[in-house]
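Colleague: Kindly generate the corresponding structure for this input.
(one chain, ligands or ions: 1)
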Amino acid sequence: MAEEKALISVLRGKAQDVPPIWLMRQAGRYLPEYRDLRATAKNFLDFCYSPPKAAEATLQPIRRFAFDAAILFSDILVVPDAMGQEVSFESGAGPRLKPIETPDEIERLGAFSIEKLSPVFETIDRVKGALPSGVAFIGFCGAPWTVASYMIAGCGTPDQAPARLFAFHHPESFAKLIDRLVEASIDYLAGQLDAGVEVVQVFDSWAGVLPAQEFHRWSAEPIRRIVAGVKARHPQATVIAFVRGADARLPRLAQTLGADGYGLDTALDPTWAVAETAPNVALQGNLDPLALVAGGPALNREIDFIVDAFKGRPHIFNLGHGILPQTPIEHVERLVARVRRERA
Ligand SMILES: Cc1c2[nH]c(c1CCC(=O)O)Cc1[nH]c(c(CCC(=O)O)c1C)Cc1[nH]c(c(CCC(=O)O)c1C)Cc1[nH]c(c(C)c1CCC(=O)O)C2
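Modeller: This next block holds a predicted model:
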C-alpha cells in the first residue's frame, strides 16, 4: 500500500515533524504563468469551466513550489451559477450576480444542476493523474452563509449587510435558501470526491460578521450538516472547515462540526487555539498574508512563531486567508524552504 500522504496523516490526527504546507488561493494572479493562462480565456467562469486550463492552473503552484497539496482551480460561486443565478466576474471589481431582493426570488431559483458542473469533475480527473505522489488533492465549496451573502447582495460587500438584513426580515425564506445550499454543497462535494479529490475544504469567509444566534443558525449548523452528509457518502474523506472570524467560537466549533481539521484565520492566536481544542484535532494556518508580502525579518519571525506554536500538534501550515496578488514569488519560496527547515 502506498504511504499515507503527509496532509492526510495530519487530518487523521497524526502530528508530523515537518508540517505539510499549502496556501489558500495558491493558484492565482501572483504567478506570471497564471496571468498568461488567464489571458487565454474570455472570462473567469469560462476559465473555471475549461478542464485543460483549470487543470493547468491547479498544477502550476505544485510545479513551482512542490506544495504538499493541490487545490482544485474553480470558485465558490459556481454553485449559484448552477442554480441558474448567473454569475460574472468583472476584472478588478469582483463577482456580479443579479441580487436576490425578495422571498419570491428564492422560490424562483432553479434546481441545482450538477450536470452544469461536469467540467469541474473533468478537471479533477485530469489533475489526479498528473499529481506527484505524496501531494494530496483538495476540493472545496463555499459554506452556505458565505455563498448566500453573495447571492443576496449580488456582489462583494464589506460587512454582508444585505444578507444579514434579509435574514432578519425573512428568516423562513432565508432558511430555505440555506437548506438548498446545504443539499447542493453535499452533492457537489460528493461529486468532487467521486471524481478523485481526497480532502474537501468548506470556506466560510464571512462567518465573522454574524452575531451569536445567527452564527449558530446560518454558519455553524449548515456546515455541520454538510460535513455529516459528505461523510455519510464518503466515509474515508477528510474535511477541513475554514470559518473565518470564528474567534472565541473556535473551541465549540471544533467539538461540534465533525470536521477533521479547522482553518485558523490570521487574527487567531495559535497558542490559544492549541490549548483550547482537543489534541487530535488538526489545525491549519495561519500566517498573515501581509507578512508574506512584506518578507524580510518580519516574515522569518512570523513563520518561526507559527511552526513553534503548533509543534507536536497535527498542523497544516497555511496562510490565515488567501495569498495576495502582490506577493513576491521569492517570499513564497523562502516560506516553503523555512517551514521545511532548509534554513538558508
Ligand atoms: C469568497 C470566495 C470567492 N472565491 C473563493 C472564496 C473563499 C476564499 C476567500 O475568502 O478568499 C474561493 C476560491 N477562489 C478561487 C479558488 C481557486 C483555488 C485556489 O485556492 O488557488 C478558490 C478556493 C479562484 C479565484 N477566484 C477569483 C480569482 C481572481 C479572478 C481572476 O483571476 O480573474 C481567482 C484566481 C475571483 C473571486 N472569487 C470570489 C471573489 C470575491 C473574487 C474576486 C476577488 C479576487 O479577485 O480575489 C469569491
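Colleague: Which part of the stretch 101-250 of the chain gets nearest to the ligand, residue-wise?
Modeller: residue 205 (3.2 Å; C-beta to the nearest ligand atom). Any C-beta I mention is one placed from the backbone N, CA and C, and that applies to glycine too.
Colleague: quick one: contacts for that residue?
Modeller: Going by C-beta atoms under 8 Å, 6 or more residues apart in numbering, residue 205 touches 142, 146, 242, 244, 321.
Colleague: can you list these in TSV and add distance to residue 283, secondary structure and neighbour count?
Modeller: Below are these laid out as TSV (distance: C-beta to C-beta, whole Å; DSSP: H, G, I helix; E, B strand; the rest coil; neighbours: other C-beta atoms under 10 Å):
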residue	distance to residue 283	secondary structure	neighbour count
142	21	strand	23
146	21	helix	26
242	11	strand	27
244	14	coil	23
321	15	coil	22
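Colleague: of the residues you listed, list those near the ligand.
Modeller: By C-beta under 6 Å from any ligand atom, the members of the contacts of residue 205 lying near the ligand are 142, 146.
Colleague: Pull the most distant pair out of the contacts of residue 205.
Modeller: Across those, no pair lies farther apart than 142 and 321, at 14.1 Å, counting by C-beta to C-beta.
Colleague: Give me the spatial nearest neighbour of residue 166, chain neighbours excluded.
Modeller: residue 152 (5.0 Å; C-beta to C-beta, 6 or more residues apart in numbering).
Colleague: before we move on, back to that, how about JSON lines for the contacts of residue 205, with distance to residue 65 and pLDDT added?
Modeller: Listed next are the contacts of residue 205 as JSON lines, based on distance: C-beta to C-beta, whole Å; pLDDT from 0 to 100:
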{"residue": "142", "distance to residue 65": "25", "pLDDT": "98"}
{"residue": "146", "distance to residue 65": "27", "pLDDT": "98"}
{"residue": "242", "distance to residue 65": "20", "pLDDT": "98"}
{"residue": "244", "distance to residue 65": "23", "pLDDT": "98"}
{"residue": "321", "distance to residue 65": "18", "pLDDT": "98"}
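Colleague: Distance to residue 227 added to the contacts of residue 205, as JSON lines?
Modeller: Listed next are these as JSON lines, based on distance: C-beta to C-beta, whole Å:
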{"residue": "142", "distance to residue 227": "14"}
{"residue": "146", "distance to residue 227": "16"}
{"residue": "242", "distance to residue 227": "13"}
{"residue": "244", "distance to residue 227": "17"}
{"residue": "321", "distance to residue 227": "21"}
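Colleague: on that earlier part again, and the pLDDT for the residue nearest to residue 166?
Modeller: Note for residue 152: predicted pLDDT of 98.
Colleague: what about stretch 88-105, how long is it end to end?
Modeller: The first and final residues of stretch 88-105 sit 19 Å from each other (C-alpha to C-alpha, to the nearest Å).
Colleague: Give me the contact status of it with the ligand.
Modeller: Yes. Shown here: stretch 88-105 in contact with the ligand (C-beta under 6 Å from any ligand atom) through 89, 94, 95.
Colleague: Now, of these, which are buried?
Modeller: Neighbour-count burial (16 or more other C-beta atoms under 10 Å) applied to the residues of stretch 88-105 next to the ligand gives 89, 95.
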